[in-house]
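Q: Pasting the sequence and the predicted coordinates here, then a few questions.
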4 protein chains.
Amino acid sequence: MTRIAVAGEPSGRLADAWKFCVGTGRFELALRRDYQESLALVQREIGFRHIRGHGLLSDGIGVHRPYEHGGARHVRHVFTYVDQVVDAYLELGVKPFVELGFMPSGLASGDRTVFWWQGNVTPPASWREWADLVKATVAHLVDRYGLDEVRGWPIEVWNEPDLEQFWLDADQDAYHRLYEVSAHAVKEVDASLQVGGPATSPGADDGWLTRFAEFVDGRSVPVDFVSRHAYTSGPARHHPFGVHQSLAPASKLLEQFAAPRRELAGTALAGLPVHITEFNSSYRPDNLVHDTAFHAAYLAPVLVAGGEVADSFSYWTFSDMFEEAGIPTSIFHGGFGLLTHRQIKKPTFHLYAFMARMGEHVLARGADHLVTRDDDGRVTVLAWAPVDAPAGHTVRLSIPLAGPATSAFVMRSSVSEEKGNALAAWGEMGRPHSPRPKELDLLREAAEPARTHRSLPIIGGSADLDLTLGRYEVTLAEITPVTDETPPWWDDLYPEYIG
Amino acid sequence: MTRIAVAGEPSGRLADAWKFCVGTGRFELALRRDYQESLALVQREIGFRHIRGHGLLSDGIGVHRPYEHGGARHVRHVFTYVDQVVDAYLELGVKPFVELGFMPSGLASGDRTVFWWQGNVTPPASWREWADLVKATVAHLVDRYGLDEVRGWPIEVWNEPDLEQFWLDADQDAYHRLYEVSAHAVKEVDASLQVGGPATSPGADDGWLTRFAEFVDGRSVPVDFVSRHAYTSGPARHHPFGVHQSLAPASKLLEQFAAPRRELAGTALAGLPVHITEFNSSYRPDNLVHDTAFHAAYLAPVLVAGGEVADSFSYWTFSDMFEEAGIPTSIFHGGFGLLTHRQIKKPTFHLYAFMARMGEHVLARGADHLVTRDDDGRVTVLAWAPVDAPAGHTVRLSIPLAGPATSAFVMRSSVSEEKGNALAAWGEMGRPHSPRPKELDLLREAAEPARTHRSLPIIGGSADLDLTLGRYEVTLAEITPVTDETPPWWDDLYPEYIG
Amino acid sequence: MTRIAVAGEPSGRLADAWKFCVGTGRFELALRRDYQESLALVQREIGFRHIRGHGLLSDGIGVHRPYEHGGARHVRHVFTYVDQVVDAYLELGVKPFVELGFMPSGLASGDRTVFWWQGNVTPPASWREWADLVKATVAHLVDRYGLDEVRGWPIEVWNEPDLEQFWLDADQDAYHRLYEVSAHAVKEVDASLQVGGPATSPGADDGWLTRFAEFVDGRSVPVDFVSRHAYTSGPARHHPFGVHQSLAPASKLLEQFAAPRRELAGTALAGLPVHITEFNSSYRPDNLVHDTAFHAAYLAPVLVAGGEVADSFSYWTFSDMFEEAGIPTSIFHGGFGLLTHRQIKKPTFHLYAFMARMGEHVLARGADHLVTRDDDGRVTVLAWAPVDAPAGHTVRLSIPLAGPATSAFVMRSSVSEEKGNALAAWGEMGRPHSPRPKELDLLREAAEPARTHRSLPIIGGSADLDLTLGRYEVTLAEITPVTDETPPWWDDLYPEYIG
Amino acid sequence: MTRIAVAGEPSGRLADAWKFCVGTGRFELALRRDYQESLALVQREIGFRHIRGHGLLSDGIGVHRPYEHGGARHVRHVFTYVDQVVDAYLELGVKPFVELGFMPSGLASGDRTVFWWQGNVTPPASWREWADLVKATVAHLVDRYGLDEVRGWPIEVWNEPDLEQFWLDADQDAYHRLYEVSAHAVKEVDASLQVGGPATSPGADDGWLTRFAEFVDGRSVPVDFVSRHAYTSGPARHHPFGVHQSLAPASKLLEQFAAPRRELAGTALAGLPVHITEFNSSYRPDNLVHDTAFHAAYLAPVLVAGGEVADSFSYWTFSDMFEEAGIPTSIFHGGFGLLTHRQIKKPTFHLYAFMARMGEHVLARGADHLVTRDDDGRVTVLAWAPVDAPAGHTVRLSIPLAGPATSAFVMRSSVSEEKGNALAAWGEMGRPHSPRPKELDLLREAAEPARTHRSLPIIGGSADLDLTLGRYEVTLAEITPVTDETPPWWDDLYPEYIG
């Protein structure tokens, strides 16, 4: 493999589409301590801007509370849990990406539900009561957090209405009505709030975006952004507490990210921000692929390139605190999370954490690497073994390092099938479903990236860096030019006994 | 009112039956941050020994997980959430009082449920699978926390089986079978573990205790303690999000506490520890009485005297994080909690916190006061206005204070209809359902006891203390004999400008 | 006293000169935990912008480290402790107001020192080494914290050079040289950094400011702000561990704040920001006045009006962690602090904390009150008993409260000779020098303001508020117009037993 | 090298002499946050029982405060800082090992001092005032912390009186008087308190112990333990901010530990506990050896064997927050600490942390290894490369693992010249004196042990473990027998794409 000469001048800024949003289990789970501890860790080491999940209006949050008084039906809108969750989000430095859904059972027109936790997916029995609910909810947020703040929170109408599981009969006309009523309700609170949709699932949404564009254009319905999801797994073969699926290549994710802009070109919605409000490989919360080193290597090129084709793409989800298929039965169980319960980091967590340590300015971007530079001269390299590469794949770079330094300090952090891989350690431990406290400690230690450091000579303003990669390895090299403060008498300081 | 001369020698130690246990909303809620923050505050200022609630085996915790494999039914026992909760309890310095129940839906013989959160109250479809579930659960606790620890956790079989809501047909024979199977399963893990029942509700349990005694005696079923509940409210008249009830005098609670020992005298269970595993005035989580100063004054004599007639009596519950009647719709809503959501202290919280500041040795106990002394000489007085006393009720004491001190420092802390009463402040605020952050801060400030301090002269080894009480006032006076370290030149130190 | 009708329209914004800066014991003390805990509390409840103290360059911080090597003298500049302190300041949300001083003993021309901790107050033996020291220090701060940040930190040259204790012979010419060398050294790092002086003490600085103005103007020396101190105490009569002093009226402080602008009118320095970089009543760290309720009442009008005549005035100091006269010998000892060791709040702390709860817009300002309003309609009243007022002084206001509300919620917080006064409680305790943990808890409780709340009727768009004040009382009334959410069935919810 | 067959039955318990005590910089430094953060980390990962340092009675703590009043000399004893320090110690789970010294300047008979911070080392001007000081200090501790607690704190009289630097003229008779007066003063507070000495330095203390034994025996002076120090470095050759020294082999430390028991055999003090109240290689706080991997390998056999010959041996010191030779001028500077400022772990920290993870029961102990077992079956191996071993030294063990498991999980953690070695990383960084925040983060990451894990087959009840060691490597292998919970369908769960 020939050495790549990295350019000395940046080609642009690194888009932060990759960290604009992250997914979460249903709203109610955000009340939990383990959830919040995981989110705190994610925010400390990654720092997402927004967070999006289902169930804001479902029964577990208890917003919509009809009652009889004086012979008439009334509704009390209750924000006890909404406030607890949103207060916690803001305290943890992340803002809601609001999803309006699902239907409160007291307002539902039917009893069809989705998930173990039974989110109702039927249209409202009263459109007026739905509009009141949306308006009351958004108005409450504005009252509590201020318009300046809430104006920055995208508000998305429903989730995957193109799937029967999520919307009765996957009826697009009914969704259009829901969107229209909801969007007007939002704008009645304040015209500057951002509303969008249709949050469709890939595969089942043929023609949905263009029909949605026609509908909102034809009826002058407000729309500030367009949203869609992206997944690459095939159908599931079920085993107890787990599934088997095949996966398409990761490039298919980038194609799905790009689809909305392509499909909407020429429509009234062309030019609107496009948010991929969910993405992952498998759409199943019990597919072990999520826990592997493979997964980090598979997604690395997606994180690096996704910002070129979409305004955001939101990893589904940050934590295994997630109950769509029931309560997880084992510490590793194929959950979506970047973290397991109890905060064991998966390789994909590190992929994100590595991205968060990249610099602002892009120097190079390739099929197996990304090189950035900070304003203070630090150069950062993210490299990965392509998932179909043979063992020993090597990334060879010549890194420009201007200035007087004659050497650089390099810290390299790696995750792979061997390194920083708690799933592997867990296998060696006998796969305990409920690890004991000492086992949890060992798993957390095993989950830390392997780190090595060295001094790299700078010759003629550049340094040669060779990164040989293990299977599915993702590695971060942080390169800091050195100012030598070693005093001249340094070598005289060592005691004699030390050979 | 004549002055009471408090004895100089203690009459005995203050039993800690009052803090042996406290109640909680269902097990699953213990995963939540607000719950744990409330529990941390309760433990810091009160310090209960045990905590007891429903739902350990209900679907929300997900312990019992049947699956098919190789054509046969199997069960995986899952402790993901059990461990998270119990780890948190121990970290917060409180131990479980284990309640075995309700029925996992995958093991239930019917679909009858109790509460908004749908706890299944039917017998198991398979007694063997139930025994396995109990054994696996207890064995897991022993494996994780050690036998020495778990041996100290009472294990109670089911909850209020004498009520149809909690046990199908309130069938005592079926309960006896449940008890027998469960008790043997517990003892199979280790014979030193403590198991008991029948956790009956007052009013509906005529004859239950004696029949239970006959049953366990006749079949040599292990039983280490007896449990029962106590409440004093009449039937509920419902309003939206609240009820109206009449209350019996608090002395009825003490009668209920005393009933098991009285009823079991002469049976095989005579002499066993008696735990009142739930008590309160009203049994409704939406009765405003729980939030009032009245409630603290009403319960004060119960806390002071209850330890004379039972080994423990567990206040139901420590926090308004509670969902039996649905998610609370307002910060004050008549919940059982000593604390509201967001940790606003109710007057009854302070009654408990005052008790926690009492000394070890009882000097006096009366209808409106309790006087204790510490080993270091500090004397503590808890006094209260009986709920039917006219305004201005005064407690007059002569307190023995041995030693050389000629004065004592007295800090008095009070809650009443006016003081330390966030409910009153909330009324003046317009009763906002979801207070804004600034309003929460004001409510927390309003919830602190009013405090005053003064110097009390000691003459002839004793000091006269007069405590005039407002309506429903509960007050704590902490009296510390003074060692004077004032230097002789003290008065010369004040600057001139100060009049 | 007639009722004052407060205006409905604000007269302007409340200047934040009062919280621009606060004083601190020497730089080294900032390494301590108790210091940082006090600062954290101060920042949470008050929130100063800057902090200023002595000793950045003194031996206890160890910046200037001469050594011999190869037969020559060298200096290593060491920032081990500087970084620990400044990192902590920024973490606590406060920025340095840098004071350059005193002289490192390895650079001093003499051995004259000030204070128990022996700060050297002689000119440098080498002006070049001093310039290098200043430049290295400032350059290090810029390297570590960024120019954008450090540009906001005023840099003041020395402390009170007009006093012999602080500057050898109080030699103004020598100070001018120090200023000139230092100012140029600062500007060599970056011309946008702010430098100023002369930080003179009142009383001894006749003519200093005008001569300083002539000097810097004549030699084109950079100067970005002017600084001076203010105190009102007379000479000290010493007792063991304490002093007695008389005090001038507080209005003298305002005169001192105003002096620099008046004296510099017409000079080249006219129009520069004026910072009163220290003020207090007594300049002694062992004068009990600092611990009294009197002190809060004495300073209240100064805090309210000081921003009219100076750009800032910095209370000397935030904490009793202070050692100029040696290590404090008792929990209360007349220290400058807003807080004692162990974070007991003094009345003056509350004066500042009350100010921090005032609104942005000034509605009224008088000899015994300040009224403000927030953007959200909350009105805040600070009122105080003038120190020479007879008992029972009453502030009567008519407060404009626009909008639909028919009542307001009022929370009143007070400190006085009786209330929120830990010094009084400590007296009743026998003035223990080293309070036991339980005594500290009682003192902290006694130090909290007394709080009462009530509902105030709004009639015709305004509400009448009468604040009757105890001796030396300072009170805060927070007035929030009420939106009534009480449901119509509220009165039906109380249980019968409650009369 | 032949394989060592580790015994299946323990030979005894692992003595905890190695963690009975740790040394610290002077008492006053314990007020600092960085100090307390380091101590918290040390306690979390190691958990010492006691902590011992100089300066309790020196001026920086301010206990002894003479004053004039009414024409007479009085002394106020002040515990402001003592309480802050001891409260913090107990909160961090460590108890004082009290050292009485040095002399307060107000009580000293001369002005001779030791160290940059000027501890006075002269006898008291008044023996009676010294006795009062000791008695008041000990009585204060008993009052505040309780006799039961303080009875467990050894109280040592002075430090290294056999050296002129620490005790005027190293006068043994004068020390005997100091000891006698102090020991009686301690016992006057309570006869059950433990007092001891003479805390001598090795090399200069020929005959001291036996003369001390004769003295206390002859005059019936109380003595509860004997103390001495141990160091192995030769004389220092000074460079700026550092020294060069030769070191004796580590076995000399064990000889020094053993000396007191040997020397006191047959005297009245035979059989008393022997505490080595300070030990290290070099006695200089600016010798780089303390920061090296060599140091951990050098001390490993000492920690493993020291408990055989002494009751405790206290590493001098836990943190580089230490100022005997002035304020450190660089993050690595050869300080004694297990941790640098800012909590960078040195290899010797990990040696201690590895010891803290060893089990209770000793299975094997050799020249390069220690093997232990827990009650729960976990086996732990500490192995090290002897400092004079050739590269690639290998420890080969056959480990007995009883029970049904067919494999064990092994986590190996290592520090060496390459691994877990922040000093090496710092060298590659250019040895920055004051690392920037990002550099500190990198150094902390570089300081973590390298960890690898694997599955080890168990054949015939034992497993073969080969530990090949790098230069100066110290390694910990934690071996847990495995219970396999892998479900039979596990292999069907992987998605297809994963090769």
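A: Perfect, thanks for sending it.
Q: which residue packs closest to the closest residue to chain C within the stretch 51-200 of chain A, ignoring adjacent ones?
A: Across the stretch 51-200 of chain A, the shortest distance to chain C (Cβ to the nearest Cβ) belongs to A:His69, at 7.1 Å. (Each C-beta comes from the backbone N, C-alpha and C, glycine too.) Nearest non-adjacent residue to A:His69, counting by Cβ to Cβ, 6 or more residues apart in numbering or on different chains: B:Pro240, 5.5 Å away.
Q: That neighbour: neighbour count?
A: 17 (other Cβ atoms under 10 Å in any protein chain shown).
Q: Thought A:Glu68 was touching it, still the case?
A: Yes. At 7.3 Å, B:Pro240 counts as touching A:Glu68 under the criterion of Cβ atoms under 8 Å.
Q: overlap in contacts of those two?
A: A:His74 (Cβ atoms under 8 Å, 6 or more residues apart in numbering or on different chains).
Q: Now the most centrally placed residue in chain A: phi and psi?
A: The centre of chain A sits closest to A:Tyr315, judged by Cα atoms, centre = their mean, with a distance of 2.5 Å. Main-chain torsions, A:Tyr315, degrees, to the nearest 10: phi -60, psi 130.
Q: And the helix or strand where A:Arg228 lies, what does it pack against?
A: Counting by DSSP states H and E, the element that carries A:Arg228 is strand A:225-231. If you count contacts as 3 or more Cβ pairs under 8 Å, 6 or more residues apart in numbering or on different chains; DSSP states H and E, strand A:225-231 packs onto strand A:195-200, helix A:208-218, helix A:251-264, strand A:274-280.
Q: Now with 10 Å, please.
A: Packed against strand A:225-231 by the contact rule (3 or more Cβ pairs under 10 Å, 6 or more residues apart in numbering or on different chains; DSSP states H and E) you find strand A:155-157, strand A:195-200, helix A:208-218, helix A:251-264, strand A:274-280, strand A:312-315.
Q: follow-up on the earlier one: skipping adjacent residues, who's closest to the residue nearest to the centre of chain A in space?
A: Nearest to A:Tyr315 is A:Val22, by Cβ to Cβ, 6+ apart, at 5.4 Å.
Q: that older thread, would you mind giving the helices and strands packed on strand A:225-231 as JSON lines with distance to B:Leu14 and mean pLDDT added?
A: Below are these laid out as JSON lines (distance: least, Cβ to Cβ, whole Å; pLDDT from 0 to 100):
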{"stretch": "strand A:155-157", "distance to B:Leu14": "57", "mean pLDDT": "98"}
{"stretch": "strand A:195-200", "distance to B:Leu14": "61", "mean pLDDT": "98"}
{"stretch": "helix A:208-218", "distance to B:Leu14": "70", "mean pLDDT": "97"}
{"stretch": "helix A:251-264", "distance to B:Leu14": "67", "mean pLDDT": "97"}
{"stretch": "strand A:274-280", "distance to B:Leu14": "58", "mean pLDDT": "98"}
{"stretch": "strand A:312-315", "distance to B:Leu14": "56", "mean pLDDT": "98"}
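Q: Take those and lay them out in CSV including distance to A:Leu141.
A: Below are these laid out as CSV (distance: least, Cβ to Cβ, whole Å):
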stretch, distance to A:Leu141
strand A:155-157, 9
strand A:195-200, 13
helix A:208-218, 23
helix A:251-264, 27
strand A:274-280, 19
strand A:312-315, 20
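Q: nearest to B:Leu339, of these?
A: strand A:155-157 (33.4 Å; Cβ to Cβ).
Q: other SSEs contacting the closest one?
A: Strand A:155-157 packs on strand A:98-100, helix A:127-145, helix A:172-189, strand A:195-200, strand A:225-231, going by 3+ Cβ pairs under 10 Å, 6+ apart.
Q: Highest mean neighbour count out of the ones you listed?
A: Of all the helices and strands packed on strand A:155-157, strand A:195-200 has the most neighbours on average by mean count of other Cβ atoms under 10 Å in any protein chain shown, namely a mean of 27.
Q: what lines up beside that one in the sheet?
A: Using DSSP bridges, strand A:195-200 pairs in its sheet with strand A:155-157 (parallel), strand A:225-231 (parallel).
Q: circling back: surely the residue nearest to the centre of chain A meets A:Leu253?
A: No. Here A:Tyr315 does not reach A:Leu253: they are 11.0 Å apart, not a contact under Cβ atoms under 10 Å.
Q: Give the residues shared as contacts by these two.
A: Taking Cβ atoms under 10 Å, 6 or more residues apart in numbering or on different chains as the contact rule, A:Tyr315 and A:Leu253 both touch A:276, A:279-280, A:299, A:302-303.
Q: before we move on, back to that, tell me how far the residue nearest to the centre of chain A lies from A:Ser282.
A: Distance, A:Tyr315 to A:Ser282, by Cβ to Cβ, to the nearest Å: 13 Å.
Q: Are there residues contacting both of these two? Which ones?
A: Shared contacts of A:Tyr315 and A:Ser282, counting by Cβ under 10 Å, 6+ apart, come down to A:Phe336.
Q: tell me the angle of the strand holding A:Arg228 relative to helix A:208-218?
A: Inter-element angle recorded for strand A:225-231 and helix A:208-218: 170 degrees (by axes from the mean of the first three to the mean of the last three Cα atoms, to 10 degrees).
Q: ok, which residues in the stretch 101-250 of chain A are in contact with chain B?
A: A:116-117, A:140, A:143-145, A:239-241 (Cβ under 10 Å from any Cβ of the partner chain).
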